[in-house]
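just coords:
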């Protein structure tokens with residue numbers, strides 16, 4: 001762990017405490033923030049300090065392969081939404097699940113910026129969750145209750161990429 005990550009760790013801790021956010025420090029430079037919403041009761045947002053920036057990642061939804069035979073409508077919606085986003089954007093992992101991901105430069109880590117970022121994540125997920133599910137599955141949800149259960153899984157067990165003991169997929173600490 002380098003000194004940059006250690007310095008950011010303290011700054012992120014101070015900012016989250018100042019905001020009164022519900023969070024857990026998982027390891028030096030890695031924080032889990034829990035956001036409470038109405039349409040989506042709990043959203044887990046990861047903040048991970050790296051040498052170049054602070055990674056922000058939040059799970060959005062599972063894309064069930066046998067339930068979404070043609071994901072093109074979902075992909076078009078995600079790309080269209082990305083055009084209007086500021087600090088985070090929609091992305092897909094290697095199995096096609098949808099995440100919000102982004103990064104903040106070290107100098108931007110203050111209470112105002114982190115509060116705005118967390119607010120953007122929560123507002124975006126509250127506004128788009130239904131449209132994303134409809135784009136991916138259309139009428140299949142009404143006729144397949146098992147699919148509906150799979151799709152609406154909360155994703156709390158999902159971990160951001162690059163965190164060593166949590167199933168890394170790519171290196172985010174560069």
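The structure has been received and is ready for your questions. Nothing here was measured: the structure is a model prediction, and the numbers come from that model. Numbering: from 1, shown residues only.

low-confidence ranges, the protein, go.
Within the chain, the ranges that satisfy pLDDT under 70 run 1, 64-69, 139, 148-174.

can you give me the strands for it?
22-27, 30-36, 42-49, 53-61, 88-92, 98-105 (DSSP state E).

longest helix in the protein, by number of residues?
Longest helix of the chain, by residue count under DSSP state H: helix 111-137.

helices and strands around that helix, which ones?
Here helix 111-137 touches helix 3-19, strand 30-36, strand 42-49, strand 53-61, helix 72-82, strand 88-92, strand 98-105, helix 145-151, going by 3 or more C-beta pairs under 8 Å, 6 or more residues apart in numbering; DSSP states H and E. Glycine gets a C-beta too; all of them are placed from N, C-alpha and C.

what sits against the residue lying closest to residue 113 once chain neighbours are set aside?
Closest residue to residue 113 apart from its sequence neighbours, by C-beta to C-beta, 6 or more residues apart in numbering: residue 104 at 6.6 Å. By C-beta atoms under 8 Å, 6 or more residues apart in numbering, the contact list for residue 104 reads 53-54, 56, 87, 113-114, 117.

now do the same contact list for the most centrally placed residue in the chain.
Nearest to the geometric centre of the chain sits residue 58, at 1.1 Å (C-alpha atoms, centre = their mean). Shown in contact with residue 58 (C-beta under 8 Å, 6+ apart): 43-46, 88, 99-101, 121, 125.

and for residue 138, the neighbour number?
For residue 138, the tally of surrounding residues (other C-beta atoms under 10 Å) stands at 13.

from residue 31, how far off is residue 22?
Between residue 22 and residue 31 the distance is 11 Å, computed by C-beta to C-beta, to the nearest Å.

which one's more surrounded, the two?
Taking other C-beta under 10 Å, residue 22 and residue 31 do not tie; residue 31 has more neighbours (21 against 12).
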